[in-house]
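1. attaching a predicted model along with its sequence, questions to come.
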Amino acid sequence: MWSFSEIANSMHEWLSKTFNPTWTLIIEMVIAGVAVIGLFAVLGLVLVIMERKVSAWMQIRLGPNRVGPKGMLQSLADTIKLIVKEGMTPAGADKILFNLAPFIAMIVAMLLLAPIAFAKDFQLWDLNIGVLYVAAVSSIMVISILMAGWASNNKYSLLGAMRSGAQIVSYELSAGLSILAIVVLTGSLQVSDIVHSQADGWWIFKGHIPAIIAFITFIIAVTAETNRAPFDLAEAESELTAGFHTEYSGMKFALFFLAEYVNVFIVCAIGATLFLGGWMPLHIGNWTGFNHAMDWIPSSIWFFGKTFFLIFVIMWFRWTFPRLRIDQLLNLEWKYLLPISMINLLIVTAIAILKWHF
Amino acid sequence: MYRQTDIIEDNRTTPEGEFVINVGPQHPATHGVLHLVITLSGETIKKVEPHLGYIHRSIEKMCESLSYRQFIYVTSRMDYLSAHINNHACALCVEKGLQVEIPPRAQVIRILMDELTRIASHELWWGAMAMDLGAFTPFFHAFRERETINDIMEETCGARLTMNYMVPGGVMQDIHPNFQKRVKDFIQLYKKKIHEYDELVTGNVIFQNRMKNVGILTADDVISYGCTGPTARGSGVSCDIRKIQPYEIYGKLEFDEVLETGCDSFARYLIRIREMHQSIRIIEQLIDNIPEGDFQAKTKAVLRLPKGEFYTRVETARGELGVYIVSEGGTTPYRIKFRSPGFSNLSVLDHIARGSKIGDLVAMMGTLDLVIPDIDR
């Protein structure tokens, strides 16, 4: 079976044969960089069209269906429109911060793609603190939102940025604690170690109820962290028109938009890696035949299948729930999610020490 | 002079750190061209000042230069979501002056149309209300049923929004042969789908948290501000004109005046949902019992109201609509005044919104069910 790792290995062999080691490394870095930018763009396009199709399906309508087969090229057409559009800077805005903010959002999203294991042995950077790196870098996202809100010189933007700051900082705690639950069970922060520890079963099955609680907390917290409905207070359009990106237009707006979708992909990928085994196929105990059949499915398909399932769940939230109010949002985090995830972490630690997990 | 300064000088802040924010006239939450000048302290609302005039078309003045047949058409453009009921109120007022007897068939058709309009209006409100709270899907689900009503209207009246169907003396033309069948189909569809409304929105925890104990409007406030319709009934004030001063054949029909005592946004929400059930009940009683006969009373070609003052009031989807005509005996009214429900309901916004968050303001405006052309006329 072909998979990403085999493609990567054969490319590496061919490059090593053709060039000397230094050039091989440089070329490989360029390829990786281009791959990240390409992945960033493709993910944005795919997720936008997916969101529009999912929402159309839930709202008994057709969705985009004119550009390309079944409207699949719609987001490409939208991108072209956004690129050729004038990117305006409002008169009273802080020009440097205003123009810098969307790029910070984009850079954060790109940096976060680095430690994710897309398939077996297919990972850009398997650093030994992978999960911590993701938690740390994703915090920078809030800076771009605050910058955009402040520099726009618009009160709607400022209110949106303030809300977003409060929200992201609070929900990072429970997202971090639920990630920590799996780190405790695995005993490693390295993404590849976490994936390998799930070869005989995913953590959501092996970790008893605490793992399930951690998973649910994680999904709620990352939905809030990525500013998705029902926690989309930063851009609540019925209250704040468009929140922190009210004043943005053209490609600068599109960068925020793409960064949001790529962030959704990343948090879902992290969720799939930590709780659903990453690229590991589904294995059930001693069912050898079943396990072999599952192994036959390429690891990349396992990874993207799980990730897109979680993305679908998050989209499902968006098109079902009304929005929370700011005080309810903070109550939910500080009064419910945080205590629950703290106690949950203690239980998980006890399970890990006593080796009660499967 | 109109206070344009608020729009320009909105960068000022008070020593207490309060600042002014303009919501509207172009804003997704105002559902039209309402302009709210909100004084905020952080996220908390200190003051709400509604500014009107962006969609003022001087309908009352226009009506004074139109004949008694013509002016009814203009009123479809006031509260465009209950155009039938507006037309009905005006027709009733003219008929009161003319002292004409309305054929029973016309009366039944009028009430059927009124109640269908009420359902359509409440359905649009339900979708828009959920959209104000950030849930988009209900909007499309509400429009699925509303489209069916619009199709029924289109078949009989030839229009989908500004119907102009009621004329002094009855209705403009007879109902379409398919009317009864399609209304029955609609009742079937409605009964099959209405539980989705509760599953999707009413029972949702987030929704209930957003609505309960928000926008408290006591019964005393209702009376002092002159609120009517579902807004008043949500605070337990009985004010359904169909019950307390029945017009047409409402007195003979079996339906309940829906009352809630919650006084909050959720009570006002429940009132409208339950009113839709009552409207269905009225339609079910009438749809098989449309009497044969004329659909319009014989009236003169040129109508002249006797000298005097005439006032009628009806229950629209939003509350009490009063039509006041002063006649000098000519072919056009000397003075017309509409008492629109939306104006009084909007005036209470500042009172109930103080001290709450911006997100709640949007929810409150949703439950007041404001239609701006009705307020501004």
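-> Sure, I can see it. From a predicted model like this one, the values you see are computed outputs, not experimental measurements.

2. which residue is nearest the centroid of the chain?
-> No chain in the question, so chain A it is. Closest to where the C-alpha atoms of chain A average out (Cα atoms, centre = their mean) is A:Ile266, at 2.1 Å.

3. hmm, I had chain B in mind actually
-> Central residue of chain B (Cα atoms, centre = their mean): B:Arg318, 3.2 Å from the mean position.

4. strands of the chain, start to end?
-> Using chain A. A:117-119, A:122-123 (DSSP state E).

5. if you could check chain B rather than the one you did, that'd help
-> Under DSSP E, chain B gives strands at B:19-23, B:35-41, B:44-51, B:166-167, B:170-171, B:308-315, B:320-327, B:335-339.

6. can I get the ones you listed in CSV with mean pLDDT and mean neighbour count?
-> C-beta coordinates here come from the backbone N, C-alpha and C atoms, glycine included. Shown next, in CSV, are the strands of chain B (pLDDT from 0 to 100; neighbours: other Cβ atoms under 10 Å in any protein chain shown):
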stretch, mean pLDDT, mean neighbour count
strand B:19-23, 82, 20
strand B:35-41, 85, 19
strand B:44-51, 86, 18
strand B:166-167, 87, 26
strand B:170-171, 86, 25
strand B:308-315, 89, 19
strand B:320-327, 90, 22
strand B:335-339, 89, 18
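
7. among those, which comes closest to B:Asp240?
-> Smallest distance to B:Asp240 across the strands of chain B (Cβ to Cβ): 5.7 Å, for strand B:308-315.

8. who does that closest one pair up with?
-> strand B:320-327 (antiparallel) (DSSP bridges).

9. just give me the neighbour total for residue 138.
-> I went with chain A, as the question did not name one. 24 (other Cβ atoms under 10 Å in any protein chain shown).

10. other chain: chain B
-> 25.

11. ok, now how distant is it from chain A?
-> 9 Å (Cβ to the nearest Cβ, to the nearest Å).

12. hmm, B:Gln26 is touching B:His35, no?
-> No - judged on Cβ atoms under 8 Å, B:Gln26 makes no contact with B:His35 at a distance of 9.0 Å.

13. and stretch A:107-124, what's buried?
-> Neighbour counts over stretch A:107-124 (16 or more other Cβ atoms under 10 Å in any protein chain shown) mark A:107-120, A:122-124 as buried.

14. ok, the one residue in the stretch 101-250 of chain A that gets nearest to chain B - contacts?
-> Residue nearest to chain B within the stretch 101-250 of chain A (Cβ to the nearest Cβ): A:Ser238, separated by 4.7 Å. For A:Ser238, the contact set (Cβ atoms under 8 Å, 6 or more residues apart in numbering or on different chains) comprises A:Arg323, B:Pro28, B:Ala29, B:Met131, B:Asp132, B:Leu133, B:Gly134, B:Val362.

15. okay if I get the residues you listed as TSV plus pLDDT and distance to B:Gly42?
-> Output for the contacts of A:Ser238, formatted as TSV (pLDDT from 0 to 100; distance: Cβ to Cβ, whole Å):
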residue	pLDDT	distance to B:Gly42
A:Arg323	86	18
B:Pro28	72	22
B:Ala29	71	19
B:Met131	85	25
B:Asp132	84	21
B:Leu133	85	21
B:Gly134	82	20
B:Val362	84	17
